[in-house]
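# Model the structure of this input:
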Amino acid sequence: MELASFEDLGVLVPIDVELALACGQLAADVSAAERLAVAFVSRAVRHGHVALDVAGLTTEALTDEIGTTVAVTSAEGGRPVELPAPAAWLNILAASALVAKAPETLAEPCAFAPLVLDLDGRLYLRRYFEYERTVARAIDARRAEPVLVDEACLALGLLRHFPPATRDAAQSCAAELAVRRRFAVISGGPGTGKTTTVVRILALLEEQAIAQQVPAPVVLLMAPTGKATDRLRESVAEKCAQVDVTGSIAERIAGHARRASTIHRALGFQPRTPTHFRHDASSPLACDAVVVDEASMVDVALMAKLFDALPKACRIILLGDKDQLTSVEAGAVLGELYGLEGSSAHLGHSHRFGETSPIARLTKAIKTGAADEMMLALRDGAPDLAREDIEAFEPLAGSLGASVREHFSSFYTLDPAARLDALGRFRILCAHRKGPVGVEAINLAIEQLLQRERGIATAERYYDGRPVLVTENDYDTRLYNGDVGVICQQGGVPCAFFRGENGAQPRAVPAARLPRHETAYAMTIHKSQGSEVTEVAVVLPERPSSFATRELVYTAVSRATRRVRLYGTVETLTAAVGCSSHRTSGLGARLRR
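Reported below is the predicted structural model:
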C-alpha cells in the first residue's frame with residue numbers, strides 16, 4: 001500500500017515499485033520498510049544520485065518527476081503517507097537479508113546482497129556501490145605510487161612553456177601537478193585555458209621521456225560526447241601550433257589530437273552488449289596517459305568502466321568545470337574528486353572575458369549564488385545581458401520571438417555551411433524538456449511561427465532547413481549524441497549536414513540513415529554542455545522548480561561568448577541561483593577516509 005501511495009503521488013514510478021516488489025521475493029518476511037528502501041534507492045539513481053541518503057530523505061521535500069513539490073498524503077481519503085523514522089529505518093536495513101554492510105577499507109571484499117549500506121547511512125544498489133569502489137581504488141592506487149621526474153628538465157620546461165612575462169601561475173601549477181602525479185583533476189570555467197594547459201602538459205611529458213631515455217608516452221585524448229570530442233580535437237590541434245617544442249614533439253601532440261575519440265569508442269562499444277566494452281581489466285587499453293575532457297559530464301558507471309580498462313601505471317588527467325551541471329546519469333564524479341589533497345588544480349582567470357565584462361560578472365555572481373549581484377549584472381550589462389518574463393501560453397510573444405525571426409529570417413536561403421554557422425550564433429536553451437516552456441513546446445511554437453509567416457512546410461518530417469540534434473551514438477554514420485546538423489536538399493533527396501572535421505566542408509548523411517534525433521531550434525541545457533555559442537536565450541520554468549538550479553543556470557549562461565538573454569521571472573531566477581544541486585555519493589568521503 002505504501003508503494004502504491006507514493007506512486008499515486010508521482011514520487012515513485014512503476015520501475016521503482018517493480019524493483020522493490022522483485023527484491024521483496026528474494027528473502028522471507030521482507031518488511032514494508034525494506035521495500036520502500038529499494039524503491040527509493042531506485043528513485044535516487046534515476047535522479048542522478050549514486051546512493052540514497054536514508055536520513056536525508058526523511059527531512060527533504062519530496063517532488064514528482066518534473067520537480068514539483070508534492071503534499072505527502074495518499075490518494076485514498078487523504079491519509080498521510082509517512083516514511084519510517086531515520087534511526088529505525090537504518091536499523092531495519094542493517095539487519096536486512098537484502099542489505100550487505102560496506103567494508104571499511106577499499107581492499108576488503110563486500111558480502112553479496114542486492115543492496116549495500118555504508119558507514120554514513122548511504123544505501124546503494126549493489127552495482128553502483130561497485131562502480132564507486134572501482135573508481136576509488138583506481139585513484140587511490142595512483143595517488144600512492146611515486147612518479148620518477150627529471151627535475152632539471154621539468155624546471156626548464158615550465159620556464160619555457162610558461163614564460164614569466166606572460167605566465168598564468170595557475171596553469172603552470174596545474175601542469176606541474178599533472179607531471180608529478182599519476183592522477184590529476186584540473187577544473188576551470190570557459191576561457192581559463194584548460195586546453196592550453198593540457199597541450200603544455202603533453203609537451204612536458206614528451207620532454208620527460210626524452211630526458212629519461214624512455215619511449216615516448218602513448219596518450220589517449222577522450223571526451224564523453226562526439227561534439228565534445230570534436231572540440232577537443234580542434235582545440236588541441238590549434239594550441240599545438242603555439243607550443244615552443246621541437247617539430248617531432250609537435251607532430252606527436254598533433255597525432256594525439258587526430259586520434260581523439262569518445263570514451264565509448266575508445267573502450268570498444270559493442271552494440272549487442274552496450275554495457276560491456278571490448279576493453280576492460282582483462283583486456284586493457286594500450287596507453288601511458290589518458291586525458292578526459294568535459295569530465296563533469298561523465299557518470300560514475302562510465303568512469304568506472306574507463307578506469308577499469310586502464311593499465312595500472314597509466315596517468316589520468318581529468319579536465320572540466322566543477323561548477324557545471326553534473327552527468328545526466330548517476331554520479332557527480334568530477335565534483336567529488338575536485339579538492340582531493342595533492343591531486344587538484346583550479347584555473348580561475350578567464351582569458352576570453354575581462355574580469356569586468358558583463359558575462360564574466362554574471363557568471364561569477366551565479367557561481368557564488370549572489371542573487372543581488374546577479375540582478376545588478378543583468379541591469380548594468382545591456383545590451384549584452386537582459387532578462388525578460390515569458391508567457392507560458394505564448395512563449396514567442398516578446399523578444400524571444402523577435403530573436404527567432406532575426407536569426408532565422410534568411411536561414412532558409414543559405415547553403416549548408418552557412419546554416420551550420422548560423423546555428424552556432426544563436427541557441428535557445430531550456431531548463432525542462434516538457435511543460436509549457438520546455439524544449440518540446442518551444443520547438444513546436446517556432447515551427448508554427450515559421451509555417452505561418454514563411455510558409456515552411458514544417459509538417460514534413462525532413463523539411464528543408466530543419467535543425468536536428470542527434471541523441472544516440474551511431475558509429476556507422478560517425479554521428480554521436482549531441483551532434484547538431486541541418487536538413488538540406490541534395491539532388492532532391494533530404495540530407496542532414498554536419499560539420500566536417502578540422503574545418504573541412506560539411507558532410508552529408510542521408511536523412512533516412514540518421515540515428516535517433518530530434519528538432520533542435522531549442523534544446524535542454526544538459527544537451528548544450530560542451531558547446532560554445534555567440535548568443536544564448538535561456539528559458540526557465542514559469543515557477544521555481546527543483547530541477548532549475550545554480551549549476552543549470554551557470555551552464556547555460558557560460559555557453560555564450562557574447563550575449564545572454566534570460567527568460568523567466570525574478571522569483572524563478574533568484575530561486576534557481578539560490579539552490580545548489582547535490583548528488584549523494586560516497587566517492588570523495590571514501591578516498592579522504
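# correct me, but residue 557 touches residue 573?
No - look at residue 557 against residue 573 with C-beta atoms under 8 Å: they stay out of range, at 10.9 Å. In this view, the C-beta of every residue, glycine as well, is placed from N, C-alpha and C.
# Give me the common contacts of those two.
Counting by C-beta atoms under 8 Å, 6 or more residues apart in numbering, the residues touching both residue 557 and residue 573 are residue 566.
# so where do the strands sit in the stretch 401-550 of the chain?
Under the criterion DSSP state E, counting those that start in this stretch, strands of the stretch 401-550 of the chain are mapped to 426-430, 467-470, 484-490, 493-498, 507-510, 517-519, 522-524, 533-539.
# other SSEs contacting the fifth one?
Strand 507-510 makes packing contacts with strand 484-490, strand 493-498 when contacts are defined by 3 or more C-beta pairs under 8 Å, 6 or more residues apart in numbering; DSSP states H and E.
# Please work out which residues outside that strand touch it.
For strand 507-510, contacts defined as C-beta under 8 Å, 6+ apart pick out 416, 477, 479, 485, 488, 490, 493-498, 500.
# Buried ones among those?
Among these, the ones that count as buried by 16 or more other C-beta atoms under 10 Å are 416, 477, 479, 485, 488, 494, 495, 496, 497, 498.
# Skipping its backbone neighbours, what lies nearest the third one in space?
Taking C-beta to C-beta, 6 or more residues apart in numbering as the measure, residue 479 lies nearest to residue 470, with 4.9 Å between them; neighbours along the chain are not counted.
# what do you get for the first one?
Computed as C-beta to C-beta, 6+ apart, the closest residue to residue 416 that is not its neighbour in sequence is residue 497, at 3.8 Å.
# again with the last one
Computed as C-beta to C-beta, 6+ apart, the closest residue to residue 498 that is not its neighbour in sequence is residue 485, at 4.2 Å.
# For residue 46, see how far away the one you found is.
Relative to residue 46, residue 485 is positioned 30 Å away (C-beta to C-beta, to the nearest Å).
# and if you look at residue 62?
Between residue 62 and residue 46 the computed distance is 14 Å (C-beta to C-beta).
# Of the two, which one has the most company?
Taking neighbours as other C-beta atoms under 10 Å, residue 62 and residue 46 compare with residue 62 leading, 20 against 15.
# ok, how many other residues are close to the nearest residue to that one once chain neighbours are set aside?
Nearest residue to residue 62, sequence neighbours excluded (C-beta to C-beta, 6+ apart): residue 11, at 5.0 Å. Per other C-beta under 10 Å, the neighbour tally for residue 11 reads 19.
# if I pick residue 11, what's in contact with it?
By C-beta under 8 Å, 6+ apart, the residues touching residue 11 are 43, 62, 63, 64, 70, 72.
# Just the buried ones from those, in ChimeraX syntax?
Remark: buried members of these, expressed as a ChimeraX selection using 16+ other C-beta under 10 Å:
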select :43,62,63
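# Dump the contacts of residue 11 to JSON lines, plus secondary structure, pLDDT and distance to residue 129.
Listed next are the contacts of residue 11 as JSON lines, based on DSSP: H, G, I helix; E, B strand; the rest coil; pLDDT from 0 to 100; distance: C-beta to C-beta, whole Å:
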{"residue": "43", "secondary structure": "helix", "pLDDT": "93", "distance to residue 129": "17"}
{"residue": "62", "secondary structure": "coil", "pLDDT": "79", "distance to residue 129": "24"}
{"residue": "63", "secondary structure": "strand", "pLDDT": "75", "distance to residue 129": "25"}
{"residue": "64", "secondary structure": "coil", "pLDDT": "73", "distance to residue 129": "27"}
{"residue": "70", "secondary structure": "coil", "pLDDT": "74", "distance to residue 129": "29"}
{"residue": "72", "secondary structure": "coil", "pLDDT": "65", "distance to residue 129": "28"}
